[in-house]
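Trainee: Okay, here's the prediction I keep looking at, along with the sequence it came from:
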Amino acid sequence: MAFKTIHIMKIESSKIVNIIGFPIDLGADRRGVDMGPSALRIAGLREKLERLGYRIVDQGDIFIQIMEKQKVTDPKLKYLNEILKTSRILANRVERVLEKGHFPLCLGGDHSMALGSIAGISSYCKKHRLKLGVVWVDAHTDMNTDVTSPSGNIHGMPLAASLGIGNDKLVNFYGFAPKLKPENCALIGIRSVDTLEKLNIKRLNLPVYTMTDIDRLGIHRIIVKILKQFKEKVDHLHVSFDLDCVDPSVAPGVGTPVSGGLSYREAHLLMESIAECGCMSSLEITEVNPILDDKNKSAIFATDLISSSMGQRIL
């Protein structure tokens with residue numbers, strides 16, 4: 001079965017891209033990722049996409065209350081109420097963008113953003129009887145729950161919650177669960193997994209491609225295999241790209257850097273392959289942290305990756 005939504009969702013030169021900023025840093029302990037959306041804009045995101053022929057509608061940033069004005073009521077689910085409140089706004093905006101036939105491009109913020117983005121996309125797919133597939137590119141699996149997480153940081157829980165595992169408030173967020181089936185999900189670039197988190201991954205038999213797999217097989221072979229499988233079973237492909245999937249030598253300005261990640265060219269080849277498929281229907285970029293960056297190097301790299309996923313080529 002081919003992607004049912006390609007005729008309306010495939011990114012084309014005339015496609016309208018709606019940028020939604022979600023400057024959240026409540027999901028993590030390290031500060032600074034709330035400035036990620038601004039850093040990406042300063043890095044020329046809009047101009048780069050316009051040069052590729054896209055019409056850009058920048059919806060600005062969703063307002064999120066800062067940590068200093070909040071209290072942690074549950075150390076196992078830090079800042080839960082504000083994350084749920086703002087994630088609902090994000091989910092609604094993403095869903096409305098899709099209803100218009102536009103392409104949602106979400107800028108984070110930490111990866112707890114995926115709780116809202118995937119919920120909105122899944123709700124849209126559910127209403128239109130479409131099967132959602134997610135390519136999760138990250139150094140981490142984000143498959144923790146309030147029971148398994150050593151930190152209580154919700155940015156380590158959004159994929160688990162989307163798959164129906166974890167605290168009821170996260171799992172049933174936006175009124176239904178699960179948002180995504182394990183067999184319609186693929187994780188790429190994984191190299192840092194908590195001990196108890198591994199049990200959740202094995203429980204669902206998640207398709208995970210670690211950096212060891214990438215070293216052995218090559219990124220091109222892996223992404224081509226994933227996209228071929230997805231073409232046969234899903235209708236809407238969402239790409240959730242955490243910049244810490246890339247090696248810190250290439251992108252130092254990320255929320256949780258882990259050595260041994262994707263190289264500059266591996267990251268671009270991954271995104272170029274997704275563009276060649278013509279099947280990406282939504283995209284989010286997370287964990288850009290200007291405080292840890294060098295002259296906005298990481299944000300510039302991230303905007304180039306976005307451009308690669310939307311058709312930019314060397315020749």
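Mentor: Looks like it came in fine.

Trainee: can you confirm Val147 is in a helix?
Mentor: No: membership of Val147 in a helix is not supported by DSSP: H, G, I helix; E, B strand; the rest coil, which gives coil.

Trainee: Report the contact partners of it.
Mentor: 76, 166, 196 (C-beta atoms under 8 Å, 6 or more residues apart in numbering). Just so you know, the C-beta spots here come from the backbone N, C-alpha and C atoms, and that holds for glycine as well.

Trainee: Can you tell me which of those residues has the most neighbours?
Mentor: By neighbour count, taken as other C-beta atoms under 10 Å, the most surrounded of the contacts of Val147 turns out to be Gly166 (25 neighbours).

Trainee: Distance of that one relative to Asn172?
Mentor: Gly166 sits at a distance of 10 Å from Asn172 (criterion: C-beta to C-beta, to the nearest Å).

Trainee: Tell me how many other residues crowd the closest residue to Leu90 other than its chain neighbours.
Mentor: The shortest distance from Leu90 to any residue other than its chain neighbours is 3.4 Å, reached at Gly116 (C-beta to C-beta, 6 or more residues apart in numbering). Each residue near Gly116 was counted by other C-beta under 10 Å, and the total is 31.

Trainee: Over to His128?
Mentor: A total of 14 residues lie near His128 under the criterion other C-beta under 10 Å.

Trainee: same deal with the one 10 residues further on?
Mentor: Counted with other C-beta under 10 Å, the burial measure for Asp138 works out to 26 neighbours.

Trainee: What are the boundaries of the strands in the stretch 1-150 of the chain?
Mentor: Counting by DSSP state E, counting those that start in this stretch, one finds strands in the stretch 1-150 of the chain at the ranges 16-22, 55-61, 103-108, 132-137.

Trainee: just checking, which of these sits deepest inside the structure?
Mentor: Of all these, strand 103-108 carries the top mean neighbour count, a mean of 28, counting by mean count of other C-beta atoms under 10 Å.

Trainee: what about the residue nearest to Pro257 when sequence neighbours are not counted, which helix or strand?
Mentor: Here the nearest residue to Pro257 in space, its sequence neighbours aside, is Pro248; by C-beta to C-beta, 6+ apart that works out to 4.1 Å. Under the criterion DSSP states H and E, no helix or strand holds Pro248.

Trainee: OK, contacts around Pro248?
Mentor: Applying C-beta under 8 Å, 6+ apart, one finds that Pro248 lies in contact with 254, 257-259, 261.

Trainee: Next, the angle strand 55-61 makes with the longest helix along the chain.
Mentor: Across the chain, the longest stretch assigned as helix under DSSP state H is helix 80-99. With axes from the mean of the first three to the mean of the last three C-alpha atoms, to 10 degrees as the basis, helix 80-99 and strand 55-61 are set at 160 degrees to each other.

Trainee: ok and helix 80-99 relative to strand 16-22, angle-wise?
Mentor: Direction vectors for helix 80-99 and strand 16-22, defined by the same axes, to 10 degrees, enclose an angle of 180 degrees.

Trainee: was I right about Leu52 contacting Ser308?
Mentor: No: counting by C-beta atoms under 8 Å, Leu52 sits too far from Ser308 to count as a contact (10.1 Å).

Trainee: These two - which one has more neighbours?
Mentor: Neighbours were tallied for Leu52 and for Ser308 using other C-beta under 10 Å; the higher tally belongs to Ser308 (20 against 16).

Trainee: for the stretch 1-150 of the chain, what are the low-confidence residue spans?
Mentor: 1-14 (pLDDT under 70).

Trainee: make it 90
Mentor: Residue ranges of the stretch 1-150 of the chain with pLDDT under 90: 1-15, 29-30.

Trainee: Can you pull the phi/psi pair for the spatially most central residue of the chain?
Mentor: For the chain, Ser240 is the residue whose C-alpha lies nearest the centre (C-alpha atoms, centre = their mean; 2.2 Å). The phi/psi pair for Ser240 (degrees, to the nearest 10) reads phi -110, psi 110.
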